[in-house]
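Q: need a 3D model of the following:
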Amino acid sequence: MKLSPAYRLAATILHGFDEYRSRFKLITLDARRRFQEAAWKEAQQASAERINLYQEKVDETLGKLRRTIDGDSLTHCECWREAKQHYAEMISQRLDYELAETYFNSLFCSVFHHRHIRDDWMFVYSSLDSAPHHSGIELCHHRKAEGDWEAAVKGVLVEAGFEVPFVDLDLCAHLAGEFLSTHLPVALRDAADAEIEWLKSVFYRNKGAYLVGRILAGDTQVPLVLPILHDEGKGLKLDTVIIEPQEVSIIFSFTRVYFQVDATVPGEFVRYLQVLMPDKPLNELYAAIGFFKHGKSEFFRELNRQVARREDKFIIAPGVRGMVMAVFMLPSHRTVFKIIKDRFDPTKEMSRENVREKYSLVKRHDRVGRMADTQEFTYLVSRRDHFDPDCLDELLAVAPSTVRLKDDKVIIEHCYTERMMTPLNLYLEQCDVEETRAVLKDYGNAIKQMAAANIFPGDMLLKNFGVTRHGRVIFYDYDEVCYLTECNFRHIPEALYPEQEMSDEPWYSVGPNDIFPEEFGPFLFADIRLRKLFYELHPELFDADYWKGLQNAIASGQVIDVYPYRNKQRFAEDQGELTY
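A: Predicted structure coming up:
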């Protein structure tokens, strides 16, 4: 029997999705070996490979479609309507059906260049939203505490089944048990039915392995994260215990590289995580475990629902106007939208392509909790009356090649989205003395931690950093970002005579990649009070030798430790490591 073009279209897409999922799972499952062998460079490469994998497989599948489906059928929306029906039947019993729908959407958008976004022809809304089936697969292990938290944690660590032994398992269990006995709410600590419940799949990222779950008794619960590290080649150690919801949310932050974790049933897995972090949206949790494309689908669906509520309109984001990007926001959605301007400030010697390359670099790189993740959108369409008139006028003025009107619609050809934050310069205007000190300390830590990951932000002005709802300082302006190892850090040469120092022009040569850290103070802080405080908190940032030392460590192959919790939370503090 000859199969219809629509059926072959659906089958080819599903075959491509299966190839993607198979390779994705192989990379993910190998994270256990990489952790146990302390293969840190390989782990970084695997992370980037897995991010690139999605587009590679979409491109391969698109090539197959163009070779096997005649052009008229491939570009006919009615063929895709029928293909969607076949595809929905093919995936209806799958445990990863929502990811399969997103893959179908990616192929549709590739063929139609992100036009014709209608639920008739693609999965604008999920085919199983109304009645998603449950797999019946048990996601978690369980262990009763029975009043002995030390024994309970020891059982959890043993059941994780690492082939590399703990240096001192009894000590790890003792420290954890002591912590829980001291810090758990009384309703949990002393409950007869208290138990530890944790996901069977281990979360791997950078140099850490994380056991994730919760402690519960009756209707009371707290989240639980147990970070496990290598102890200088001697074996494994439990580094700390995390039970504060805010701290767990930071570990799963949108500012970090995606976890490598085996999520056989993604939807159920993510919804379990949302029980632990109820304030974190589904799209961020899907992204946190590597399914960033489906995270984008969830984001788009929620954005559509929020816009339809008509609680507010798109407005220009507060803060200093950017030289490269126009930034607007929907206040009720905690999201900003960034559009590349048609013309840049004369000091910005770059092209639109350069800017997109920078954002792509950050997407693939380890963001160490200090750089915001972005989603890239092509051909966003919204009603004109969803925009504040001043906002729309500004977008049309600064980016006419990207933003245009068609009847009552606003069409945005290309943009990035990021989580909304308070610009650091505005945040500092509202701070008291104690808050100012804390946020400037974190600002310096953000610069140091990015540098440890081989990232130099380029433009370190306060306006290019934001403060999250947790009070953390995050970098979000990537048009000048580069690898730290590409920079040439120099001391300012001593002037030969006083007139040189008084001159408006430097008395020394300056190359294109030359950076003089001694100049950072006046450049970053017009307010001398802030400048002095920042120098007190981070004097090394003004020393070229500090930056050269980081470059040498990176060049020697060292992967510097950056962990998503504070030094003071660790059982064995090591001030030489960068944390949080």
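Q: for residue 217, give me phi and psi.
A: Per-residue torsions, residue 217: phi -150, psi 120 (degrees, to the nearest 10).
Q: got a list of what it touches?
A: If you count contacts by C-beta atoms under 8 Å, 6 or more residues apart in numbering, residue 217 has them with 187, 188, 191, 192, 193, 194, 195. The C-beta positions use only the backbone N, C-alpha and C, and glycine is treated the same way.
Q: burial measure for the fifth one, as a count.
A: Residue 193 has 10 neighbours, counted by other C-beta atoms under 10 Å.
Q: quick check: it touching residue 221?
A: No: with contact defined as C-beta atoms under 8 Å, residue 193 does not reach residue 221; the gap is 11.9 Å.
Q: what about residue 7, how many residues nearby?
A: Residue 7: 16 surrounding residues under other C-beta under 10 Å.
Q: give me the pLDDT value at residue 556.
A: Looking at residue 556, its pLDDT is 88.
Q: ok, now how distant is it from residue 342?
A: Note on residue 556: its distance to residue 342, by C-beta to C-beta, to the nearest Å, is 43 Å.
Q: before we move on, the earlier item: name the nearest of the contacts of residue 217 relative to residue 477.
A: Using C-beta to C-beta, residue 188 comes nearest to residue 477 of these, at 42.8 Å.
Q: just give me the neighbour total for that closest one.
A: Applying other C-beta under 10 Å, we find 20 residues neighbouring residue 188.
Q: contacting residues for it?
A: Contacts of residue 188 by C-beta under 8 Å, 6+ apart are 194, 215, 216, 217, 220, 221, 222.
Q: kindly recompute the last result at 7 Å.
A: 194, 215, 217, 220, 222 (C-beta atoms under 7 Å, 6 or more residues apart in numbering).
Q: which residue is the nearest non-sequential neighbour of the fourth one?
A: Distances taken as C-beta to C-beta, 6 or more residues apart in numbering put residue 187 closest to residue 220, at 4.9 Å, once the chain neighbours are dropped.
Q: quick check: buried residues in whichever strand or helix holds that neighbour?
A: Using DSSP states H and E, residue 187 maps to helix 186-189. Within helix 186-189, the residues scored as buried using 16 or more other C-beta atoms under 10 Å are 188, 189.
Q: paired strands for the helix or strand just after it, with orientation please.
A: Downstream of helix 186-189, the next assigned helix or strand under DSSP H and E is strand 195-199. With DSSP bridges as the test, strand 195-199 is paired with strand 140-144 (antiparallel), strand 208-217 (antiparallel).
Q: just how off-centre is the helix or strand just after the shortest one within its chain?
A: Along the chain past strand 140-144, the next helix or strand (assigned with DSSP H and E) turns out to be helix 149-159. When distances are taken as C-alpha atoms, centre = their mean, to the nearest Å, helix 149-159 is centred 31 Å away from the chain's centroid.
Q: now for helix 149-159, which elements pack on it?
A: strand 140-144, helix 169-183, strand 195-199 (3 or more C-beta pairs under 7 Å, 6 or more residues apart in numbering; DSSP states H and E).
Q: with just CA atoms, put the longest one into CSV.
A: Included here for helix 169-183 are C-alpha records, laid out as CSV according to Å, rounded to 0.1, in the frame of the first residue of the first chain:
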residue,chain,number,x,y,z
LEU,A,169,31.3,7.7,54.5
ASP,A,170,30.6,7.6,58.2
LEU,A,171,31.9,11.2,58.6
CYS,A,172,29.7,12.4,55.7
ALA,A,173,26.6,10.8,57.2
HIS,A,174,27.5,12.2,60.7
LEU,A,175,27.8,15.7,59.4
ALA,A,176,24.6,15.5,57.4
GLY,A,177,22.7,13.9,60.3
GLU,A,178,23.9,16.6,62.7
PHE,A,179,22.9,19.3,60.2
LEU,A,180,19.4,17.9,59.8
SER,A,181,18.9,17.4,63.5
THR,A,182,19.8,21.0,64.0
HIS,A,183,18.1,22.7,61.0
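Q: could I get the buried residue list for it?
A: Applying 16+ other C-beta under 10 Å to helix 169-183 flags 169, 172, 173, 174, 175, 176, 177, 179, 180 as buried.
Q: could you do the first one as well?
A: Residues of strand 140-144 classed as buried: 141, 143 (neighbour count, 16+ other C-beta under 10 Å).
Q: okay if I get the helices and strands packed on helix 149-159 as a markdown table plus distance to residue 388 and mean pLDDT?
A: Output for these, formatted as a markdown table (distance: least, C-beta to C-beta, whole Å; pLDDT from 0 to 100):
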| stretch | distance to residue 388 | mean pLDDT |
| --- | --- | --- |
| strand 140-144 | 47 | 96 |
| helix 169-183 | 47 | 95 |
| strand 195-199 | 44 | 97 |
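Q: nearest to residue 330, out of the ones you listed?
A: Closest among those, once you apply C-beta to C-beta, is strand 195-199, at 33.5 Å.
Q: which element follows the closest one toward the C-terminus?
A: Next element after strand 195-199 (DSSP H and E): strand 203-205.
Q: check which residues of that following strand are buried.
A: 203, 204, 205.
Q: against residue 17, how distant is the residue nearest to the last one when sequence neighbours are not counted?
A: It refers to residue 205. Nearest residue to residue 205, sequence neighbours excluded (C-beta to C-beta, 6+ apart): residue 259, at 5.0 Å. Using C-beta to C-beta, we find residue 259 at a distance of 21 Å from residue 17.
Q: check which residues of the longest helix along the chain are buried.
A: The residue-count maximum for a helix in the chain (DSSP state H) belongs to helix 40-68. Going by neighbour count (16+ other C-beta under 10 Å), the buried part of helix 40-68 is 40, 43-44, 46-47, 50-51, 53-54, 57-58, 61-62, 65.
Q: what of stretch 223-236?
A: Buried, per 16+ other C-beta under 10 Å, within stretch 223-236: 223, 224, 225, 226, 227, 228, 229, 230, 236.
Q: same question for stretch 73-86.
A: Here stretch 73-86 shows 73, 74, 79, 80, 82, 83, 84, 86 as buried, counting by 16+ other C-beta under 10 Å.
Q: please apply the same query to stretch 459-470.
A: Buried residues in stretch 459-470 (16+ other C-beta under 10 Å): 459, 460, 462, 464, 465, 466, 467, 468.
Q: so for the third one, what's the pLDDT?
A: Predicted confidence (pLDDT) at residue 462: the value is 94.
Q: what's near enough to touch it?
A: Counted by C-beta under 7 Å, 6+ apart, residue 462 has contacts 424, 425, 428, 524.
Q: and if we set it to 6 Å?
A: Residues near residue 462 by C-beta atoms under 6 Å, 6 or more residues apart in numbering: 424, 425.
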